[in-house]
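In: One predicted model, sequence on top.
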Amino acid sequence: MNPVTLEILWNRLLSVCNEQQVTLLRTAFSTVVRESQDLACGVFDARGQMIAQSMTGTPGHINAMATGVRHFLTAYPPETLSDGDVLLTNDPWQTAGQINDMTVLTPVFRNKNRGGSIVAYFASTCHAPDIGGRILSAEAREVYEEGLRIPITKLFLRGEPNAELIKLIRANVRTPEETVGDLYAQTSSNAVGARSLLHLMDEFGLDSIEPLAGEIIARSEAALREAIAKIPNGVYRAETWSDGFEEPVLIQVAVTVEDHDIHIDFAGSSPQSRRGINVVLNYTQAYASFAIKAAVSPEVPHNDGSFRPVHVTAPLGSILNCREPAAVASRHLIGHFLPGVIFAALAPAMPGRLMAGGSEPVWISVWRGEEASGTPFLLSHFQLGGAGARAAKDGLSTTGFPSGVGGVPAEIIESLTPLVQQHRELRADSGGAGTLRGGLGQATAMRNLSGRPWEISAMADRIQFPGQGLEGGAPGACGEMLVDGQPRPAKSLIWLDPEATVELNLPGGGGYGPPHERPVERVLDDVVKGYVSVEAAVREYGVVIRYTGTEDQLVRLPRHYAIDEPATRALRGR
């Protein structure tokens, strides 16, 4: 294909996916989609191969959706579909690994007045605010306890909503308007994508997008294989620990680089849990393949071609390839560790290119109670810790990696619920010390103004095991969950008194390189900004900083701090 034409068509295809995403964000009912952007949008060719994705998309959604579409086409081959049909499922083993994640697929028909044929599919995956069963947590022992499980079925038939299915969903969820509203938003966004793709085909006189899809996918595959070939052949190993539920969980990985292919095997990892932190293989493949692309060649377009050189295996019955009917609602608490442990394995083969360990799993807290009037409320709150330091830059603070979701603004929380955030601030000293400092977590406190009892289900990790540093960097701080100042277990539903205060203090990222090699001026800047305390500057970096202002000054300015150079030289000399 002509390179200029290919570039034009590729960019137009990306704009179609981004229009699909914008439509979804603008029409979604829930804060999970609208604010946190816990979603994925993509376009697939007639064979179910992903061609392109939108700008926003979590790896656990977009990569799992890329393989999940094939399950849709097996259940409903093209000859069984009509124009206006829309398919839906939340089956964890076929899509994104938990039943809160709804995947909606829409076939795109061309030449409808002559019978028509399917030329593409648009799909989106979103985290539903509620799907019934237990409130979202890790407490369940089987997937049946976690809510309504919907096999691949038709959400719309020839343009008409499946009223019986929608009635069933409404009867089983605590937030019917939001949950069903988001399904309509997903359907609408797919329709917008389909309309724009047909306009693109008309404009360029394309009867099919298969040649375009084939060229894009083939180029992506070739580019990733070329990048993999630059890594020395060998077997690279690493392990990491999660807090788990009843006991810690071990994740072991062996990454085998073999010319133009990479094989990732998680043999040796813990067996599947009796609680809802298990991961289906589809989700394991999603985050493992994302890690390779991010590490090896992040500029390669993300599509079916960039998956082909990456081969992922995990023993059946292990924590990363659980058997049905295992509970899986909090699978992200394990799955989000995979890029970090893969990076740790590849670090010796790719010096100066990878990042230290970070906070990893996004913290999701579900808050439920009643307004003062007695009206029930339910809020899903996403929070992010610090990312690991990079080889050339400090780690990003309160930034989700590898999830990529956003936090919910305090204004949204306080306008939709009786909850109020007493503070939300960067957590000083949470970033691991290093030549490059780890990213900071956040410290938050929440209260309920309704005067009624309330509850929280907090899905959190790295409370026992911190994110590790790299090349001599120190680990980040562990997270904390406190109720009225006392530690409480995460991953469980906790009932709260009306006057209780809940503190969620998120973990930080690990540092990169020896801390005593961090320039003194940068340590001073961290202290001035409140990222590092005066005490930690001495303890971690060997830098003695004096505060020259008065204790009653409300605003501490850079001129109020000074480096004690003789003391610092002596301390760093030791």
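Out: Nice, thanks for sending it over. Residues are numbered from 1 along each chain as shown.

In: low-scoring pLDDT stretches of the stretch 51-200 of the chain, where are they?
Out: Within the stretch 51-200 of the chain, the segments meeting pLDDT under 70 span 112-115.

In: secondary structure element for Phe44?
Out: Using DSSP states H and E, the element containing Phe44 is strand 39-45.

In: In space, what's closest to Tyr283 - neighbours in sequence excluded?
Out: With C-beta to C-beta, 6 or more residues apart in numbering as the criterion, Tyr283 has its nearest non-adjacent residue at 3.4 Å, and that residue is Gly97. The way it works is simple: take the backbone N, C-alpha and C, and place the C-beta from them, glycine included.

In: brain fart, Glu258
Out: With C-beta to C-beta, 6+ apart as the criterion, Glu258 has its nearest non-adjacent residue at 6.1 Å, and that residue is Asn233.

In: Hmm, the one you found is touching Asp259, no?
Out: Yes - Asn233 is within contact range of Asp259, at 6.7 Å (criterion: C-beta atoms under 8 Å).

In: if I look at the residue nearest to Glu258, how far off is Asp261?
Out: When distance is defined by C-beta to C-beta, to the nearest Å, Asn233 is 10 Å away from Asp261.

In: Same question for Val249.
Out: 28 Å.

In: neighbour-wise, which of those two wins?
Out: Taking neighbours as other C-beta atoms under 10 Å, Val249 and Asp261 compare with Val249 leading, 25 against 15.

In: what sits opposite the more buried one in the beta ladder?
Out: Here Val249 sits in beta bridges with Ser242, as judged by DSSP bridges.

In: check contacts around it.
Out: With contact taken as C-beta atoms under 8 Å, 6 or more residues apart in numbering, Val249 is in contact with Trp241, Ser242, Asp243, Ser269, Ser270, Ser273, Ile277, Ile319, Ile334.

In: and with 6 Å instead?
Out: Applying C-beta atoms under 6 Å, 6 or more residues apart in numbering to Val249 gives the contacts Ser242, Ser270, Ile319.

In: Most neighbours of all those, which one?
Out: Each of these was scored for neighbours by other C-beta under 10 Å, and Ile319 scores highest at 26 neighbours.

In: Next one, pLDDT for the closest residue to it other than its chain neighbours please.
Out: Leaving out its chain neighbours, the residue that sits closest to Ile319 by C-beta to C-beta, 6+ apart is Ser270, at 4.7 Å. The predicted structure scores Ser270 at 98 on the pLDDT scale.

In: roughly how far apart are Ser270 and Pro487?
Out: Distance, Ser270 to Pro487, using C-beta to C-beta: 24 Å.

In: Domain boundaries for the chain, per the record?
Out: What the record gives for the chain is the domain set 3-208, 229-353, 355-513, 519-573, from automatic domain parsing.

In: first to last residue in the second one, what's the distance?
Out: Start-to-end span of domain 229-353 (C-alpha to C-alpha, to the nearest Å) is 16 Å.

In: so how far is it off the chain centroid?
Out: Offset of domain 229-353 from its chain centre (C-alpha atoms, centre = their mean, to the nearest Å): 14 Å.

In: buried set for the longest helix along the chain?
Out: Of all the elements of type helix in the chain, the one with the most residues (DSSP state H) is helix 176-204. Residues of helix 176-204 classed as buried by neighbour count (16 or more other C-beta atoms under 10 Å): 178-194, 196-198, 200-201.

In: and it with strand 39-45, angle?
Out: 40 degrees (axes from the mean of the first three to the mean of the last three C-alpha atoms, to 10 degrees).

In: for helix 176-204, packing partners?
Out: Applying 3 or more C-beta pairs under 6 Å, 6 or more residues apart in numbering; DSSP states H and E, one finds that helix 176-204 contacts helix 3-27, strand 101-110, strand 117-127.

In: Next SSE downstream of the longest one?
Out: Right, the one you point to is helix 3-27. Helix 3-27 is succeeded, C-terminally, by helix 31-34 (DSSP H and E).

In: I would like the residues contacting that following helix, please.
Out: Outside helix 31-34, the residues within contact range by C-beta under 6 Å, 6+ apart are Ala28, Asp38, Leu39, Cys126, His127, Pro129, Asp182, Ser380, Val408, Ile412.

In: Show me what the strand or helix carrying Glu411 is packed against.
Out: Using DSSP H and E, Glu411 falls within helix 410-416. If you count contacts as 3+ C-beta pairs under 6 Å, 6+ apart, helix 410-416 packs onto strand 419-426.

In: so what secondary structure elements neighbour the strand it packs on?
Out: Here strand 419-426 touches helix 410-416, strand 442-448, going by 3+ C-beta pairs under 6 Å, 6+ apart.

In: partner strands of the last one, parallel or antiparallel?
Out: Partner strands for strand 442-448, per DSSP bridges, with pairing direction: strand 419-426 (antiparallel), strand 501-505 (antiparallel).

In: Distance from the last one to the middle of the chain?
Out: Meaning strand 501-505. 22 Å.

In: Show which residues not belonging to the helix or strand that it is followed by make contact with it.
Out: Elements were assigned by DSSP H and E; along the chain past strand 501-505, the next helix or strand is helix 520-529. Helix 520-529 is touched from outside by Val532, Ala537, Tyr541, Val543, Ile545, Pro558, Tyr561, Ile563, with contacts defined as C-beta under 6 Å, 6+ apart.

In: is it possible to export the residues you listed to CSV including neighbour count?
Out: Below are those laid out as CSV (neighbours: other C-beta atoms under 10 Å):
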residue, neighbour count
Val532, 28
Ala537, 24
Tyr541, 30
Val543, 29
Ile545, 24
Pro558, 11
Tyr561, 18
Ile563, 17
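
In: What are the buried residues along stretch 246-266?
Out: Within stretch 246-266, the residues scored as buried using 16+ other C-beta under 10 Å are Val249, Ile251, Gln252, Val253, Ala254, Val255, Val257, Ile262, Ile264, Asp265, Phe266.

In: Specify which member of those residues is nearest to Gly439.
Out: Of all the buried residues of stretch 246-266, the one sitting nearest Gly439 is Ile251; the distance, using C-beta to C-beta, is 21.5 Å.

In: Am I right that that closest one sits in a helix?
Out: No - under DSSP: H, G, I helix; E, B strand; the rest coil, Ile251 falls outside any helix and is assigned strand.

In: Now do the contacts for it.
Out: Thr240, Ser269, Phe337, Val341.

In: what mean pLDDT does stretch 470-486 have?
Out: 97.

In: what's in contact with that stretch?
Out: The contact list for stretch 470-486 (C-beta under 6 Å, 6+ apart) reads 356, 386, 430, 432-434, 438, 458, 460, 462-463, 466-469, 488, 490, 500-514.
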